[in-house]
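# sequence? don't have it. structure:
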């Protein structure tokens, strides 16, 4: 007997399901409570099992053309850390001189790295030649491989947060001097120099926000529709209103999305 | 009465705790099951609440000097999508010609974008001038602001995975043509053009891995100690052995770290 309504007998298109509520909430908690750590590192050793998990998380980042352009240079030696600390200190002094007078005093007081205190330092790099000159997805935007290594950094950072590990990204280096300190050849790009370790606590907000350096921008102001500059200052699109409300929940009530 | 052992009365240094096991496992599941989606988009609308959550997750990425250099250009109009699809198609034809003969046939068969099928397209950009010329942490490595916007992409991608949303990053565009299609000024860098929507399923492995384009690299081979090139081919460092075992669990047993 034929069914007259083919729609009725055709199974619904299957759809991948979202995570269960608690699992989704854990992902958001990781994202919203992740911090760039400079001053709270503890000397406790990071077990190899934990470090292995966050490294493998980094290795499972997206990469353009599946080129996996990263390496992971693990630094545990106090001597190497001290050398890198020296490269930072020089650049940091140069940087201070670049700020206008009224900002320089504040800049100089900020703690911007925990290179020596963090038990683990990690340099994540990008080998732009890894899979030859022509890479799927990099044919027109050559920086895509650099971006892949950045995704590896962010994967590691979030995994680390869930492990209770703090991560700080130090970027105040003359690149050739950092490369010299670590023996990194000129053609390999050091993407991120990370300080990793257990921490006494995570700040509830980014330190530069707490210090009044810059405020968190209203996300609704950063939203455009269909075309650059086409914003929604009166929140007429329900998406604008929804995201503004959500940000208010996070900022004024400390309540993360779930 | 004085305690003769000051250590005994000093409380232990507090230490931030890792997430509970199930929460940590959820974070790893997100990271390891995230895929670059091109072909499984469903037409189901994405609720504003869901889109707002993933956008706010992006907005809470780390950014150099807290500059938050990103904008979020949401594209829902079929006409704009078609225009962008045209920009892709032209670059895609140019790209095919760049591959050696033996790779070109495979390249041409790959589905590399879901621009028109995905209900939401999103361009995440970088405004390099947002907070003036001198930025904390960008004084010596000028690409740091671009990297911040990439971190926003990865935050969004992982949040989307937990929501059951697929995300595909399309990068085969002549950048000025993409900018023209979206009205993006020359000084604003389009970092990622993302296709977003519910999906029928997520592949168990990256599509380029499944297609035999390139294999997943052994993470232990990417690990150096203290100095570039100082690898550990015999897995003498317990970290090398641990991460190699973990990768084997993921690849051959489909068992994610917890």
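Received, thanks. It should be emphasised that the depicted structure is a prediction, and the values quoted were computed from it without experimental measurement. Numbers count the residues shown, from 1 in each chain, chains lettered A, B, ... in the order given.
# mind listing what the residue of the stretch 51-200 of chain A found nearest chain B touches?
Residue of the stretch 51-200 of chain A nearest chain B, by CB to the nearest CB: residue A:164 (3.4 Å). For glycine as for every other residue, the C-beta is placed from the backbone atoms N, C-alpha and C. Counting by CB atoms under 8 Å, 6 or more residues apart in numbering or on different chains, residue A:164 touches A:198, A:199, B:15, B:16, B:17, B:18, B:19.
# cutoff 7 Å now
Residue A:164 is in contact with A:198, B:16, B:17, B:18, counting by CB atoms under 7 Å, 6 or more residues apart in numbering or on different chains.
# what is the nearest of those to residue A:134?
Set against residue A:134, the nearest of the contacts of residue A:164 by CB to CB is residue B:18 (42.6 Å).
# now the residue nearest to that closest one when sequence neighbours are not counted, what are its backbone angles?
Spatial nearest neighbour of residue B:18, excluding adjacent residues (CB to CB, 6 or more residues apart in numbering or on different chains): residue A:164 at 3.4 Å. When read as degrees, to the nearest 10, the backbone of residue A:164 gives phi 80, psi 10.
# ranges for the helices of the stretch 1-150 of chain A?
Assigned by DSSP state H, counting those that start in this stretch, the helices in the stretch 1-150 of chain A fall at A:6-9, A:21-33, A:48-59, A:78-98, A:101-109, A:144-162.
# I'd like these laid out as JSON lines, including distance to chain B and mean pLDDT.
Below are those laid out as JSON lines (distance: least, CB to the nearest CB, whole Å; pLDDT from 0 to 100):
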{"stretch": "helix A:6-9", "distance to chain B": "15", "mean pLDDT": "38"}
{"stretch": "helix A:21-33", "distance to chain B": "4", "mean pLDDT": "97"}
{"stretch": "helix A:48-59", "distance to chain B": "4", "mean pLDDT": "98"}
{"stretch": "helix A:78-98", "distance to chain B": "4", "mean pLDDT": "97"}
{"stretch": "helix A:101-109", "distance to chain B": "7", "mean pLDDT": "90"}
{"stretch": "helix A:144-162", "distance to chain B": "4", "mean pLDDT": "98"}
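# mean neighbour count, those: which tops it?
helix A:144-162 (a mean of 26; mean count of other CB atoms under 10 Å in any protein chain shown).
# these two touch, right, residue A:222 and residue B:71?
Yes - contact criterion CB atoms under 7 Å: residue A:222 and residue B:71 qualify, at 4.9 Å.
# per the annotation, how does chain A divide into domains?
A:35-214, A:216-258 (automatic domain parsing).
# out of these, which is closest to residue B:112?
Of all these, domain A:35-214 sits nearest to residue B:112, with 7.3 Å by CB to CB.
# do the longest strand seen in chain A and chain B meet at all?
Across chain A, the longest stretch assigned as strand under DSSP state E is strand A:188-198. Yes - judged by CB under 7 Å from any CB of the partner chain, strand A:188-198 comes into contact with chain B through residue A:198.
# what helices and strands are in contact with that strand?
Secondary-structure packing of strand A:188-198 (3 or more CB pairs under 7 Å, 6 or more residues apart in numbering or on different chains; DSSP states H and E): strand A:120-127, helix A:144-162, strand A:165-170, helix A:175-182.
# returning to what we had before: let's see if you can find the most crowded of the contacts of residue A:164.
Counting neighbours by other CB atoms under 10 Å in any protein chain shown, residue A:198 leads the contacts of residue A:164 with 23 neighbours.
# quick check, that one in contact with residue B:15.
Yes - with contact defined as CB under 7 Å, residue A:198 counts as touching residue B:15 (5.6 Å).
# quick one: residues contacting the residue nearest to the spatial centre of chain A.
The centre of chain A sits closest to residue A:154, judged by CA atoms, centre = their mean, with a distance of 3.5 Å. Listed by CB under 7 Å, 6+ apart, the contact set of residue A:154 reads B:151, B:154, B:155.
# at 8 Å what do you get?
Neighbouring residues of residue A:154 by CB under 8 Å, 6+ apart: A:61, B:61, B:62, B:150, B:151, B:154, B:155.
# does the fourth one really touch residue A:151, like I thought?
Yes - taking CB atoms under 8 Å as the contact criterion, residue B:150 and residue A:151 are neighbours in contact, 6.4 Å apart.
# quick check: neighbours shared by those two?
Common contact partners of residue B:150 and residue A:151 (CB under 8 Å, 6+ apart): none.
# quick one on the thing from earlier: winner for burial among the domains of chain A?
domain A:35-214 (a mean of 20).
# okay, the domains of chain A in a markdown table with distance to residue B:253 next?
A markdown table is the format used below for the domains of chain A (distance: least, CB to CB, whole Å):
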| stretch | distance to residue B:253 |
| --- | --- |
| domain A:35-214 | 14 |
| domain A:216-258 | 31 |
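# residue B:143: which of these is closest?
domain A:35-214 (6.9 Å).
# dump the helices of the stretch 1-150 of chain A into JSON lines; add distance to residue A:257 as well.
Output for the helices of the stretch 1-150 of chain A, formatted as JSON lines (distance: least, CB to CB, whole Å):
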{"stretch": "helix A:6-9", "distance to residue A:257": "35"}
{"stretch": "helix A:21-33", "distance to residue A:257": "5"}
{"stretch": "helix A:48-59", "distance to residue A:257": "22"}
{"stretch": "helix A:78-98", "distance to residue A:257": "35"}
{"stretch": "helix A:101-109", "distance to residue A:257": "32"}
{"stretch": "helix A:144-162", "distance to residue A:257": "15"}
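# good, we can wrap up now.
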